[in-house]
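[1] sequence and predicted structure below; questions after.
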Amino acid sequence: MGTVELDGVGKSFGEVEVLRDIRLDIAEGEFCVLVGPSGCGKSTLLRLIAGLEEVSAGRIRIAGRDVTALESYDRGLSMVFQSYALYPHMSVRENIAFALETARLPRAEVARKVAEAARMLRLEPLLDRRPSDLSGGQRQRVAIGRSIVREPAAFLFDEPLSNLDASLRAETRIELAALHRKLGTTMIYVTHDQVEAMTLADRIVVLNAGRIEQVGPPADLYERPATEFVATFLGAPSMNLVRGAAAEAEGAETLGIRPEHLRADPSGPWTGTVAHVEYLGVDTIGYVDVGEIGRLALRLPGRAPMVPGETLTLGYDPGTLHRFRAGLRIG
């Protein structure tokens, strides 16, 4: 079993409380992504699960077993770091096999497990190379292979793609998703990148200032954010927030509307001046300054006819509005 249960987990460093009352149940085989801004506590939470930090409050259970007081190596987990942490003097084969040989497994079993991991991760042609001869993406696959052979109850990933360029990140995301489908093993993944969170997760856990803001499938969090923070954290450009009379007219303190739900509409309620235009190929992002409402972003398909300085009137379908009061969703 690869279930992970966090029961009121907290962590303080001296007088500084970085995590408070974290309650979360991660199901066996789930791909759970912890996401949030820098300093929100997501990496600290992963290190608590891994046993690399001691909890200040609460309990951690893995596969139903209380591991709160256990050392990291006794928890049956495997962690992949941002820095790869490969042994530079060892070949790919030796790096993958190292933990198995340290555990004194039979040589034939070590060879079998290394071969299986190499096949799964397309590392077979690279087994006799050293890390210095590999690309960043290949090094990350070796680090993952070293974890796979240990057959852990769960994999822990700490921003594993942050050192890769954009194209490699996209390629490795696909590989990780495919690997999860093949293995069916629980994966807990930390990132600040909302694209990684949205594309990889079965469930996303959004953290903010040491607390959980919302937990749920990516579509639920995007379409029905529980708080203003979640609404603006997920999505690029982020959700437009409108306050003042326009929000009060809708019975809210704050109105939220996604850029893709705004449109150029001569009969719309908001008129402003186009401040900036970004053509992205598949769509165009326009930023429109609308008086007291502020700057609104809208996303239009293809090459939309917008130019800086022009006057544009914006409309929307009332059903696309999100309503908030005191930072919390009310409709």
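    Sure, I can see it. Numbering: from 1, shown residues only.

[2] residue ranges for the helices of the stretch 101-250 of the chain, please.
    Taking DSSP state H, counting those that start in this stretch, the helices of the stretch 101-250 of the chain run over residues 107-120, 136-148, 166-183, 194-200, 218-223, 228-233, 245-248.

[3] mean neighbour count, mean pLDDT and distance to residue 67 added to those helices, as a markdown table?
    For the C-beta atoms, the positions are set from N, CA and C on the backbone; glycine is no exception. As requested, the helices of the stretch 101-250 of the chain are arranged in a markdown table below (neighbours: other CB atoms under 10 Å; pLDDT from 0 to 100; distance: least, CB to CB, whole Å):
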| stretch | mean neighbour count | mean pLDDT | distance to residue 67 |
| --- | --- | --- | --- |
| helix 107-120 | 16 | 88 | 24 |
| helix 136-148 | 23 | 85 | 18 |
| helix 166-183 | 15 | 85 | 21 |
| helix 194-200 | 20 | 93 | 25 |
| helix 218-223 | 17 | 97 | 29 |
| helix 228-233 | 21 | 96 | 30 |
| helix 245-248 | 14 | 93 | 47 |
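
[4] for the ones you listed, which one sits closest to residue 272?
    helix 245-248 (12.6 Å; CB to CB).

[5] the helix or strand just after that closest one: partners in the sheet, and parallel or antiparallel?
    Of the helices and strands lying after helix 245-248 in sequence (DSSP states H and E), the nearest is strand 254-257. Here strand 254-257 has these sheet partners by DSSP bridges: strand 240-243 (antiparallel), strand 322-325 (antiparallel).

[6] now those as TSV including mean pLDDT?
    Formatted as TSV, the strands paired with strand 254-257 follow (pLDDT from 0 to 100):
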stretch	mean pLDDT
strand 240-243	96
strand 322-325	97
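
[7] what would those look like in TSV with mean neighbour count?
    Output for the strands paired with strand 254-257, formatted as TSV (neighbours: other CB atoms under 10 Å):
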stretch	mean neighbour count
strand 240-243	20
strand 322-325	18
